[in-house]
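Enquirer: I would like the atomic coordinates for the input below:
(one chain, ligands or ions: 1)
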Amino acid sequence: MASSPRHAISSDRNHVGVTVTLEHVEKRFGQTTVLNNVSLTIHPGEFVAVVGRSGCGKSTLLRVMSGLEAVSDGELTVNDAPVLGIRPDSRVMFQESRLLPWKSVLDNVKLSLPKLPAKEASEQATNALAQVGLADKVKEWPAHLSGGQQQRVALARALVGDPKLLLFDEPLGALDALTRIEMQRLVERLWQQRQFTAVLVTHDVSEAVMLADRVILIEEGRIALDQTIALARPREHDNDFSYYEKSILQRILSEEPRSSKNHFQI
Ligand SMILES: Nc1ncnc2c1ncn2[C@@H]1O[C@H](COP(=O)(O)OP(=O)(O)OP(=O)(O)O)[C@@H](O)[C@H]1O
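Expert: This next block holds a predicted model:
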């Protein structure tokens, strides 16, 4: 397998995403060290997936990058500026859509644009909903949508206002297989169009290889593998794809499990 220089696949794009840099980052909760000496640079417009056994620290890494959790030690910067809290140009999308049930689909998306005049916010939210294929659901209540549609609304809410960094915490984990594939394609298409920097936490190694320029494997709070995925897009489940998928999965399985709740899919 030929390996290419880091993020060579997307080097011809005019990036608008940010650079995220972690230097010797530690995160402790009380006596427990969850992230241990993590150093990592994510380049503008790069798509990085984070995989690893349950409890290894993936979500904590994402929460630290988002500014939701402060680092205990080390340095975290976005475009060379220290991250001191939630940044207005960063968004997080979670496994559950977290829509407010008493607000319409449109008003849920507008929540991401609190500083814009109502008319402008409505226009931008309507456009974002059209981009995720929900132009006809603008006035609906969240409860009247399927799980996949609710996640599309959450994606529109994450995208609106052109964030420079999108952090995905297993956002497709609860979807059925077909909807999941459709959402993967949608996320990839929007990332290619918008050129934000993307970090995706996933249990699904296949999803990581399908979407990411690089796959980071976390083991017990440390980076155990930083694998460039040198495959052209759109990707297919061909031999090269399987090579990456199997080698990453084997690396994960070679680690002794710490608990019985580990779950991986290929
Ligand atoms: N706020 C917190 N307080 C105390 N411990 C925490 C806190 N958040 C996370 N942890 C601990 O940190 C460890 C890593 O959790 P984290 O959610 O980052 O793992 P994960 O790899 O995302 O797991 P999963 O794949 O199951 O979602 C776990 O042992 C968890 O209990």
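Enquirer: so which helix or strand takes in residue 185?
Expert: helix 177-194 (DSSP states H and E).
Enquirer: Which strands or helices does that helix pack on?
Expert: helix 147-159, helix 205-211 (3 or more CB pairs under 8 Å, 6 or more residues apart in numbering; DSSP states H and E). Glycine gets a C-beta too; all of them are placed from N, C-alpha and C.
Enquirer: what mean pLDDT does it have?
Expert: What helix 177-194 shows for mean pLDDT is 92.
Enquirer: roughly how far is the following helix or strand past it from the heart of the chain?
Expert: With elements assigned by DSSP H and E, the helix or strand that comes after helix 177-194 is strand 197-201. The gap between where strand 197-201 is centred and where its chain is centred comes out at 3 Å by CA atoms, centre = their mean, to the nearest Å.
Enquirer: List the buried residues of strand 197-201.
Expert: 197, 198, 199, 200, 201 (16 or more other CB atoms under 10 Å).
Enquirer: Check stretch 40-51 too.
Expert: 40, 42, 43, 44, 45, 46, 47, 48, 49, 50, 51.
Enquirer: Return the subset of the residues you listed lying in strands.
Expert: 40, 42, 47, 48, 49, 50, 51 (DSSP state E).
Enquirer: export the residues you listed to TSV and tack on pLDDT and distance to the ligand?
Expert: Below are those laid out as TSV (pLDDT from 0 to 100; distance: CB to the nearest ligand atom, whole Å):
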residue	pLDDT	distance to the ligand
40	97	15
42	98	18
47	98	19
48	98	15
49	98	13
50	98	8
51	97	9
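Enquirer: And the furthest pair within those?
Expert: 42 and 51 (15.1 Å; CB to CB).
Enquirer: got the contact list for residue 86?
Expert: 66, 67, 68 (CB atoms under 8 Å, 6 or more residues apart in numbering).
Enquirer: now, among these, which is nearest to residue 60?
Expert: residue 68 (9.8 Å).
Enquirer: Specify the stretch among the helices and strands packed on helix 177-194 that is closest to the ligand.
Expert: Each of the helices and strands packed on helix 177-194 has some distance to the ligand by CB to the nearest ligand atom; the shortest is helix 205-211, at 12.8 Å.
Enquirer: just to revisit the earlier point, any idea which of the helices and strands packed on helix 177-194 scores lowest on pLDDT?
Expert: helix 147-159 has the lowest average pLDDT among those, namely a mean of 93.
Enquirer: Could you give the number of residues near the closest residue to residue 235 other than its chain neighbours?
Expert: Of all residues not flanking residue 235 in the chain, residue 210 sits nearest, at 5.5 Å (CB to CB, 6 or more residues apart in numbering). Residue 210: 25 surrounding residues under other CB atoms under 10 Å.
Enquirer: wait, doesn't residue 210 sit right on residue 233?
Expert: No: using CB atoms under 8 Å, residue 210 makes no contact with residue 233, being 9.3 Å away.
Enquirer: Pull up the overlap in contacts between those two.
Expert: With CB under 8 Å, 6+ apart as the test, residue 210 and residue 233 both reach residue 188.
Enquirer: No further questions, thank you.
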